[in-house]
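Enquirer: Build me a model from this:
(one chain, ligands or ions: 1)
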Amino acid sequence: MNELPIAPPDPADRFAIVVAQWNRGVTGRLLDGAVATLEKAGVPSDAIDVAWVPGSWELSLPAQRFAASGKYAAVICLGTVIRGETTHDQHINRAVSLAISEIGLDTGVPVLFGLLTCENMDQALARAGGPVGNKGSECAEAALQMVGLLRNLPSA
Ligand code: RBF
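Expert: Model prediction:
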């Protein structure tokens with residue numbers, strides 16, 4: 001068995017974060033967690049570009065631009081969709097999850113899914129630095145792992 005190693009971040013690596021303003025009290029914490037994790041891993045603050053979008057529905061387009069530009073090692077998408085009385089959450093969650101997956105496969109750049117899909121605000125806060133961790137930080141960790149792994153995979 002030959003387990004492929006995870007390369008450490010390259011000093012030239014840039015990271016893009018797209019974050020939704022809806023439920024900003026939650027997404028701001030996801031963003032803080034993601035940035036702190038990248039910086040702790042040695043990524044300089046000025047190598048992290050952040051784009052705010054109105055809501056989670058809008059995450060995909062900037063993510064696509066960042067990924068296709070060839071300038072970023074990974075793109076992290078952060079949003080929080082809370083279930084309401086109507087089915088809006090299902091439409092947003094499905095569209096965003098499919099788009100994010102496609103962008104990654106189309107561009108070959110890891111595009112991380114940091115969309116909280118919650119029943120209520122308590123569930124969301126619990127996942128944004130509460131008892132269930134910070135999913136923004138976890139996304140950044142996943143980004144670093146994927147960037148390091150791709151460096152040791154055959155190119156497409
Ligand atoms: N955006 C979110 O990021 N989280 C939400 O919980 C959320 N709820 C929405 C509920 C409704 C009924 C609508 C119409 C939009 C909601 N949005 C939400 C905003 C959506 O992502 C997008 O910004 C707008 O629909 C404009 O395209």
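Enquirer: What are the contacting residues of stretch 99-111?
Expert: Outside of stretch 99-111, the residues within contact range by CB atoms under 8 Å, 6 or more residues apart in numbering are 59-60, 63-64, 66-68, 72-77, 112-113, 115, 142-143, 146-147, 150, 156. Bear in mind the C-beta positions are built from the backbone N, C-alpha and C, glycine included.
Enquirer: Among those, name the buried ones.
Expert: 59-60, 63-64, 66-67, 72-77, 112-113, 115, 142-143, 146-147, 150 (16 or more other CB atoms under 10 Å).
Enquirer: Which of the residues you listed fall within helices?
Expert: Among those, DSSP state H puts S60, A63, Q64, F66, A67, A142, A143, M146, V147, L150 in helices.
Enquirer: how close does the first one get to S45?
Expert: It refers to S60. Separation of S60 from S45 (CB to CB, to the nearest Å): 26 Å.
Enquirer: any idea whether W52 is helix, strand or coil?
Expert: Secondary structure, DSSP: H, G, I helix; E, B strand; the rest coil: W52 is strand.
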